[in-house]
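1. Provided below are the primary sequence and the corresponding predicted coordinates.
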Amino acid sequence: GAGVSQTPSNKVTEKGKYVELRCDPISGHTALYWYRQSLGQGPEFLIYFQGTGAADDSGLPNDRFFAVRPEGSVSTLKIQRTERGDSAVYLCASSRLDGDTQYFGPGTRLTVL
Amino acid sequence: EDQVTQSPEALRLQEGESSSLNCSYTVSGLRGLFWYRQDPGKGPEFLFTLYSAGEEKEKERLKATLTKKESFLHITAPKPEDSATYLCAVQAETGANSKLTFGKGITLSVRP
């Protein structure tokens, strides 16, 4: 079956702009995770959804970052007033149930000029 | 705080030269230890999950093992197509969050 998909694959924006990154999890997966990966680093946790609710958003760096999953499937990560330090690859993962193996999408490479 | 340290940072092997990648971890109760492979410009690809000390899993030329403090990914007779970054991650059993804590990864290059 289809894996996790993320759009866009690349996003270039200017400092101060607003961006939205989309994640389509594997069909039937109830848990969804967002991670951020900087060059030469491993992925870092941002936020986790179980169903429609954000079960843990402790990894979001500040209040410019927000994510939603209104129908328990697709999720959108929203970044306001982007800064150059937000440049990274944003990865989405999903798992069938909480605690199961997480399967990752290809990521969205965000570049803030 | 959960921590994962991977070593070496980079490893260059000749085709057929077996070796091991190390993952040391500290976690407040281990639910699972995960190995992923990541190719340039792509997302991590799941390889193995290990749950308890002494457990081993194999897939083609790869074998993962687990102790109470570290995990090893053994690569037997590697081929150039095994070149990638290998990521190790832990999942804690405490709390409701099943997030993964990753190491920085080990970049493996296999020369023909």
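-> That came in fine, so what should we check first? Numbering: from 1, shown residues only, chains lettered A, B, ... in the order given.

2. List the strands paired with the helix or strand where A:F49 lies, with their directions.
-> In this structure, A:F49 sits in strand A:44-50 according to DSSP states H and E. Applying DSSP bridges, strand A:44-50 is found paired with strand A:31-37 (antiparallel), strand A:53-56 (antiparallel).

3. Run through the residues that contact the residue in chain A that chain B sits nearest to.
-> Nearest residue of chain A to chain B: A:G42, at 3.2 Å (CB to the nearest CB). Every residue, glycine included, has its C-beta placed from N, CA and C. If you count contacts by CB atoms under 8 Å, 6 or more residues apart in numbering or on different chains, A:G42 has them with B:4, B:87, B:89, B:102-105.

4. Just the buried ones from these?
-> The neighbour-count test (16 or more other CB atoms under 10 Å in any protein chain shown) applied to these identifies B:4, B:87, B:89, B:102-105 as buried.

5. Name the residues of chain B found near chain A, please.
-> Residues of chain B lying near chain A by CB under 8 Å from any CB of the partner chain: B:4, B:31-32, B:34, B:36, B:41-46, B:49, B:87, B:89, B:91, B:96-105.

6. Could you tell me which residues of chain A lie near chain B?
-> A:4, A:31, A:33, A:35, A:40-45, A:48, A:55-56, A:58-59, A:91, A:95, A:98-99, A:101-107.

7. Which among those count as buried?
-> For these, a burial check counting by 16+ other CB under 10 Å picks out A:4, A:31, A:33, A:35, A:42-45, A:48, A:55-56, A:59, A:91, A:95, A:101-107.

8. Can you pull up the most central residue in chain A?
-> A:W34 (3.5 Å; CA atoms, centre = their mean).

9. ok, and the closest non-adjacent residue to the residue of chain A closest to chain B?
-> B:F102 (3.2 Å; CB to CB, 6 or more residues apart in numbering or on different chains).

10. from memory A:F66 sits against A:K78, does it?
-> Yes. Under the criterion of CB atoms under 8 Å, A:F66 makes contact with A:K78 at 4.7 Å.

11. Go through the residues of chain B next to chain A and flag which are in strands.
-> Mapping the residues of chain B next to chain A onto strands (DSSP state E) picks out B:4, B:31-32, B:34, B:36, B:45-46, B:49, B:87, B:89, B:91, B:101-102.

12. residue of chain B with the smallest distance to chain A?
-> Closest point on chain B to chain A, by CB to the nearest CB, is B:F102, at 3.2 Å.

13. Who are the contact partners of that residue?
-> A:42-44, B:4, B:87-89.

14. Would you format these as CSV with pLDDT and distance to B:C23 included?
-> Below are these laid out as CSV (pLDDT from 0 to 100; distance: CB to CB, whole Å):
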residue, pLDDT, distance to B:C23
A:G42, 98, 11
A:P43, 98, 15
A:E44, 98, 17
B:V4, 98, 6
B:L87, 98, 9
B:C88, 98, 3
B:A89, 98, 9
